[in-house]
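>>> pasting the sequence and the predicted model now:
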Amino acid sequence: MRPYYQPSEQMLGVSSAARGLGGMVSKTPPGAQMMNSAGGMDKPGINPQPYNNARLAEQNRGENIKTAIPQGAANQMGQQRSMLAAQSNQESKAQLLATEYKSNALYANQAGRAMRTVGDVMSSPEARKFQNFLASGNAMTAGMDPALGQMMLERSMYNA
């Protein structure tokens, strides 16, 4: 077995140092650089292709794993968004059907006309008078003074 470096290689370093050229000489023995490497890529007597293929395949697997994690997370977030959108769409359709059902029920019972009348009164200048009428009526129904109903109405307006 060949030593890490030849005696002539060692003597070159010693003679260069004697001439004051020590800084120009490598501190690592020449043969040791090749013998201590772990891979086959820098060894001239070995075919490095299988080593390079295995190294690159491992690098490829590592990169695929690194990118698969964010891709999986993005996929899950997209699925959650689409499920939320579908749920929201279903809730919207249910609300629309409920509103349509109420509208049809009011129309069939001709209560829509009464509701429209109440809406017209509440948006008219006489809305305050109508509210006072309702408040005093509620107070009298409960067995209280009608003025107390009006006081409660005024208090609710200031609290709102």
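Yep, it's here.

>>> compute the number of surrounding residues for residue 131.
18 (other Cβ atoms under 10 Å). To be clear about C-beta, it is placed using only N, CA and C from the backbone, and glycine gets the same treatment.

>>> correction: the previous question concerned residue 136.
Using other Cβ under 10 Å: residue 136 sits among 19 other residues.

>>> please apply the same query to residue 52.
13.

>>> checking it next. Helix, strand or coil?
Here residue 52 is helix, with the state taken from DSSP: H, G, I helix; E, B strand; the rest coil.

>>> can you list contacts of stretch 101-112?
residue 115 (Cβ atoms under 8 Å, 6 or more residues apart in numbering).

>>> report the buried residues of that stretch.
When burial is assessed from 16 or more other Cβ atoms under 10 Å, stretch 101-112 yields no buried residues.

>>> just the C-alphas of that stretch, formatted as PDB.
Taking Å, rounded to 0.1, in the frame of the first residue of the first chain, the C-alpha atoms of stretch 101-112 are listed here in PDB:
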ATOM      1  CA  TYR A 101     -91.400  30.700   1.800                       C
ATOM      2  CA  LYS A 102     -92.200  33.600   4.100                       C
ATOM      3  CA  SER A 103     -93.000  35.800   1.200                       C
ATOM      4  CA  ASN A 104     -95.300  33.200  -0.300                       C
ATOM      5  CA  ALA A 105     -97.000  32.600   3.100                       C
ATOM      6  CA  LEU A 106     -97.600  36.300   3.600                       C
ATOM      7  CA  TYR A 107     -98.900  36.700   0.100                       C
ATOM      8  CA  ALA A 108    -101.200  33.600   0.500                       C
ATOM      9  CA  ASN A 109    -102.700  34.900   3.800                       C
ATOM     10  CA  GLN A 110    -102.900  38.500   2.500                       C
ATOM     11  CA  ALA A 111    -100.800  39.600   5.400                       C
ATOM     12  CA  GLY A 112     -98.400  41.400   3.100                       C
END
